[in-house]
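>>> need a 3D model of the sequence below.
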Amino acid sequence: MRRREFLQKSALVIVGTAVSTAPAARAATGGEQWPAPLKTLSPAQARTLLKMARQIYPHPGLDDACYMTTVLDLDSEAAVSPETAKLLSDGIAQLHSSGSGRFDDLSAEQQTAVLVKIQSGSFFQKVRSVEVVSLYNNHEVWKRFDYRGASYPFGGYIHHGFNDLNWLPDPPDAASPKG
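Residues are numbered from 1 along each chain as shown. Purely as a prediction, here's the structure:
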């Protein structure tokens, strides 16, 4: 089995497991719908991290499910690292005390202002660094962005998407050098 096949089949198993355990996950999180049970974070903490993730890399076309992978990855890391668990717990508490009310209840603009204040801190950097991988390495997000993935299996970009810009007008002949 090739690496790509293994990864694809693993993803199918993970999705199937998430779908089959959704009712249990909802019960474990106090009625909120998480694709997997939380190991370390409380549902309230997970909700705060979800709102934070949406503000760090905002994409109006993505739903919460795309951002939940970040929260689940942070939760998994917190389950094996007491330092990460403490960093997340303390950071969430800081978020709630940094604005004029609970972070979850603030407007998007107020949430952004709170995040700007803490952006150089280790909590923000931890969430951001996990999110950049969790979000942008998610094949569901790729589909939403119409990104087809790597082109090397198809012979490179010359044969896979290089000239697919049908949404742009053709350039004038003067724009291309004469051979």
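>>> need the contact partners of stretch 106-126.
51-52, 55-56, 58, 74, 84, 87-88, 90-91, 94-95, 98-100, 103 (Cβ atoms under 8 Å, 6 or more residues apart in numbering). For glycine as for every other residue, the C-beta is placed from the backbone atoms N, C-alpha and C.
>>> looking at this structure, which helix or strand is least sure?
helix 22-28 (a mean of 41; mean pLDDT, DSSP states H and E).
>>> so the residue minimising distance to the centre of the chain: helix, strand or coil?
Closest to where the C-alpha atoms of the chain average out (Cα atoms, centre = their mean) is L135, at 2.8 Å. Under DSSP: H, G, I helix; E, B strand; the rest coil, L135 falls in the helix class.
>>> ChimeraX command to pick out the buried ones of the contacts of stretch 106-126?
Here is the ChimeraX command that picks out the buried ones among the contacts of stretch 106-126, judged by 16 or more other Cβ atoms under 10 Å:
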select :51,52,55,56,74,84,87,88,91,94,95,98,99,103
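>>> the contacts of stretch 106-126 in helices, which ones?
Cross-referencing the contacts of stretch 106-126 against helices under DSSP state H gives 51-52, 55-56, 74, 84, 87-88, 90-91, 94-95, 98.
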